[in-house]
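Engineer: give me coordinates for this.
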Amino acid sequence: MAASARGMKRALKKAMSPSLVVILGATGTGKSKLAIEIGKRLNGEIISADSMQVYQGLDIITNKVTPGERAQCRHHMISFVDPLVSNYTVVDFRNKAVSLIDDMHHRDKLPIIVGGTNYYIESLLWRVLMDTGKEDSVDGAGEDNDRKLELEKLGGAELHKRLMEVDPKMGAMLHPNDKRKIARSLQIYEETGIPHSSWLEEQRGQQGGDGLGGPLRYPDPCIFWLNADMNALDERLDARVEEMLSEGLIEELGDFHARFNQQKLQDDSQNYQHGIFQSIGFKEFHDYLTAPESNTREEREALRGKGIEALKVATRRYARKQNKWVRNRFLKRPGDSVPAVYGLDVTDVERWEETVLNPALQILDSLCKGEAPLFPPISVQGADLKNKRSRHTCDMCDKVIIGDLEWAAHLKSKKHHFHVRKKLKSDTTSNDQSQFTDSPLATEAGTRTNLSEFSRDDQTPL
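Structural biologist: Next up is the predicted model:
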């Protein structure tokens, strides 16, 4: 294995193919473990793409790698943002991470992207974010971010109404309760005078772009998806919560609450939808952390147990959300700019080297040599429906549809089926009436006869 690793390192240095490795997977699947092993063998460095791990503090609840793990392979983008900063954005992350990747390429290092924050990963893989000239402040501060926070203070209904007035296409795609995304779209329109939806359409029209957004930022990335049987993963996630508790999770939360959260609550300025305070685990223990000192020990223990159970439920739910994103963004919406995804089964941790590490290394070795890996990528669904600019006309609905995937979805839609049934019913009724009035037996009185008066054998079924 050592000789093979040296050969792979030489191939990577010579060709830099793949340009980077991305490790996807639900929480608890061992993404960091695989990243470290790849990094050690292939002269790589790791970039965390986790929106909560960028903040200082809550190391246990956000599942940061330990100092010992960091010593094995260099890590970036962990614990560098003050926990009281609430306006650190995906644009800030992207700018810093892209700079790191470029530097790694310059130093002949293999960038390894690890994390479960979907939009962070997408911002690196695709050119899906626009620059207005104001939003790229690395520290997350600035007038533009203040404006976004100001917009978010408005109610969801009012924000959505404003967006529908200036950008109805984007408004139709966003839920009225998604205030952050709506505020972002409004901010883009205010700063550029161009609707957010127009920016996205332009990006998709770029060479190499498709329905997912703009073209790939880096050519030939290698993407691994660590997946497991959900029942097995649920058990593992519950066990991990218990392990966190033994490592001092409650103490960590209590200390963080006293330092950063208690005053916010007293000032009525706390918002669990921003910054590190939205981390899974922190808000689940809100009742426990804010319980009055007059509470009995039994009452506090009950609140503690409630927080633990809520944390387990939220973690399992988040794992499913992460897997759903991989399926929807990579496996169900194929296109020219969607890279191959290699699945690795992490169900049985006792066979980790056999089912995860060795296949990953073999795949990378083959890609570096320009060969097809022994382990093929996951087959995408609907790969033959990837023309995003084809034009279709639906006469039934009097509507023009652009894109094969969109056309296929339209044909399955309830609205289309409604118009088809309506048209069939109209044609059948028209034919029945025509046959009756053309008959020589028809009289003026007969033409006024209701069709329901005919026997069932004389009618064409609708």
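
Engineer: break down the stretch 201-350 of the chain into its helices, ranges please.
Structural biologist: Using DSSP state H, counting those that start in this stretch, the helices of the stretch 201-350 of the chain run over 230-246, 249-256, 262-266, 286-289, 297-326.

Engineer: now those helices in JSON lines, with distance to residue 54, mean neighbour count and mean pLDDT?
Structural biologist: Yep, even glycine has a C-beta here, placed from its N, CA and C like the rest. Conversion of the helices of the stretch 201-350 of the chain to JSON lines gives the following (distance: least, Cβ to Cβ, whole Å; neighbours: other Cβ atoms under 10 Å; pLDDT from 0 to 100):
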{"stretch": "helix 230-246", "distance to residue 54": "20", "mean neighbour count": "15", "mean pLDDT": "96"}
{"stretch": "helix 249-256", "distance to residue 54": "16", "mean neighbour count": "17", "mean pLDDT": "93"}
{"stretch": "helix 262-266", "distance to residue 54": "20", "mean neighbour count": "12", "mean pLDDT": "78"}
{"stretch": "helix 286-289", "distance to residue 54": "22", "mean neighbour count": "19", "mean pLDDT": "92"}
{"stretch": "helix 297-326", "distance to residue 54": "17", "mean neighbour count": "16", "mean pLDDT": "95"}
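
Engineer: can you list those in a markdown table and add distance to residue 369?
Structural biologist: Shown next, in a markdown table, are the helices of the stretch 201-350 of the chain (distance: least, Cβ to Cβ, whole Å):
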| stretch | distance to residue 369 |
| --- | --- |
| helix 230-246 | 33 |
| helix 249-256 | 45 |
| helix 262-266 | 55 |
| helix 286-289 | 53 |
| helix 297-326 | 27 |
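
Engineer: so for residue 104, which of these sits nearest?
Structural biologist: When these are compared for distance to residue 104 using Cβ to Cβ, the nearest one is helix 297-326, at 24.4 Å.

Engineer: so which of the helices of the stretch 201-350 of the chain is nearest residue 350?
Structural biologist: Proximity to residue 350 (Cβ to Cβ) singles out helix 230-246 among those, at 11.6 Å.

Engineer: got the angle between that closest one and helix 297-326?
Structural biologist: For helix 230-246 against helix 297-326, the angle between stretch directions is 140 degrees (axes from the mean of the first three to the mean of the last three Cα atoms, to 10 degrees).

Engineer: how many residues are close by residue 368?
Structural biologist: Close neighbours of residue 368, defined as other Cβ atoms under 10 Å, add up to 23.

Engineer: buried ones in the host helix or strand of it?
Structural biologist: Here residue 368, judged by DSSP states H and E, is contained in helix 358-369. Residues of helix 358-369 classed as buried by neighbour count (16 or more other Cβ atoms under 10 Å): 359-361, 363-365, 367-368.

Engineer: I'd say residue 43 and residue 111 touch.
Structural biologist: No. Using Cβ atoms under 8 Å, residue 43 makes no contact with residue 111, being 10.9 Å away.

Engineer: looking at the two, which is more packed in?
Structural biologist: Taking neighbours as other Cβ under 10 Å, residue 43 and residue 111 compare with residue 111 leading, 26 against 20.

Engineer: in the stretch 1-150 of the chain, which spans are helices?
Structural biologist: Counting by DSSP H, counting those that start in this stretch, the stretch 1-150 of the chain has helices at residues 2-15, 31-41, 67-72, 90-106, 118-125, 143-152.

Engineer: those: lowest mean pLDDT?
Structural biologist: The minimum mean pLDDT among the helices of the stretch 1-150 of the chain belongs to helix 2-15 (a mean of 53).

Engineer: okay, now the domains of the chain?
Structural biologist: Per automatic domain parsing, the domain ranges recorded for the chain read 132-205, 231-315, 391-458.

Engineer: return the most buried member of the ones you listed.
Structural biologist: Of all the domains of the chain, domain 132-205 has the most neighbours on average by mean count of other Cβ atoms under 10 Å, namely a mean of 17.
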